[in-house]
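>>> sequence and predicted structure are below.
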Amino acid sequence: MQLQQLFSKEFDEKLSDFRAEKVVDLMLRTLGPAIYNQGVQDARTHLQGKLDDLEGEVYADGDA
């Protein structure tokens, strides 16, 4: 596991599979909501841009 290799190399600390899983679980609980919310915001921004483009394409010009 990359996390175990990182801890061994950078911190001279050996992580068992159990300890590595606990670290990953903590990171997911801590960072997960913020990462998810950023993804939702990015999707919203992207879709809003597409809707804005569609609005310009669909409306008829009054000069017809």
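Thanks, I have the structure now.
>>> from here on, just use CA atoms for contacts and neighbour counts.
Fine.
>>> and the helix or strand where residue 35 lies, what does it pack against?
Following DSSP states H and E, one finds residue 35 within helix 17-58. Packing partners of helix 17-58 (3 or more Cα pairs under 8 Å, 6 or more residues apart in numbering; DSSP states H and E): helix 2-11.
>>> for the helix it packs on, name the packing helices and strands.
Identification of packing neighbours for helix 2-11 by 3+ Cα pairs under 8 Å, 6+ apart yields helix 17-58.
>>> so what angle separates the directions of the helix it packs on and helix 2-11?
110 degrees (axes from the mean of the first three to the mean of the last three Cα atoms, to 10 degrees).
>>> how far is helix 17-58 from where the chain is centred?
Relative to its parent chain, helix 17-58 has a centroid offset of 4 Å by Cα atoms, centre = their mean, to the nearest Å.
>>> buried ones in stretch 42-55?
Across stretch 42-55, burial judged by 16 or more other Cα atoms under 10 Å covers no residue at all.
>>> quick one: mean pLDDT for that stretch?
Confidence for stretch 42-55, expressed as mean pLDDT, is 92.
>>> got any ranges where this structure has weak pLDDT?
60, 62-64 (pLDDT under 70).
>>> can you tell me which residue is spatially central in it?
Residue closest to the mean C-alpha point of the chain, counted by Cα atoms, centre = their mean, is residue 35 at 4.1 Å.
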